[in-house]
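> Here is a sequence with its predicted model. Questions after.
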Amino acid sequence: MDAAGLAYLAAGLGAGLAIIGGGSGIGRLAASAMEGIARQPQSSATIQTAMLIAAALIEGATLLALVICMLLVLLK
């Protein structure tokens, strides 16, 4: 296996791990938010706002990791 093949493999594994991590992070975030809303329904607006901001930050970090993995493939 040459260097280009290893670069493609590393980029694919890195992108996959980043997306799996982001998905599990957003899943745990949503589960915690639903549990918080179930416990205190009167503060659902505050919890939803915080959840959306945190989900956007997680999504942004995942997208950044995906872009970095794609750049590794292009710059091999």
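Yep, that arrived.

> Just give me the residue closest to the centre of this protein.
Gly22 (2.1 Å; CA atoms, centre = their mean).

> Next one: that one from Ile53, what distance?
Distance from Gly22 to Ile53, counting by CB to CB, to the nearest Å: 15 Å. All C-beta atoms are positioned from the backbone trio N, CA, C, and that covers glycine.

> got it, and Met1?
43 Å.

> So which of these two has more stuff around it?
The neighbour comparison of Met1 against Ile53 (other CB atoms under 10 Å) goes to Ile53, with 10 against 7.

> helix or strand right after the longest helix belonging to the chain?
When the chain is parsed with DSSP state H, its longest helix is helix 3-39. Using DSSP states H and E, the helix or strand that follows helix 3-39 towards the C-terminus is helix 44-75.

> helices or strands up against the longest helix of the chain?
helix 44-75 (3 or more CB pairs under 8 Å, 6 or more residues apart in numbering; DSSP states H and E).

> and the helix it packs on, what's its mean pLDDT?
Mean pLDDT, helix 44-75: 92.

> Give the buried residues for it.
47, 51, 54-55, 58, 62, 65-66, 69 (16 or more other CB atoms under 10 Å).

> State the number of residues packed around the residue nearest to Ile58 when sequence neighbours are not counted.
Counting by CB to CB, 6 or more residues apart in numbering, Ile58 lies nearest to Gly25, which is 4.7 Å off, once chain neighbours are set aside. Other residues near Gly25 number 17, with proximity taken as other CB under 10 Å.

> same check, this time on Arg39
9.

> Against Thr49, how distant is it?
17 Å.

> what's the nearest residue to Ile37 if we skip its chain neighbours?
Closest to Ile37 by CB to CB, 6+ apart is Ser44, at 4.6 Å.

> quick one: Gly5 from Leu75, how far?
Using CB to CB, we find Gly5 at a distance of 15 Å from Leu75.

> Revised request: answer the last question for Arg28.
From Arg28 to Leu75 the distance is 33 Å (CB to CB).

> Kindly report the same for Ile26.
Counting by CB to CB, the gap from Ile26 to Leu75 is 29 Å.
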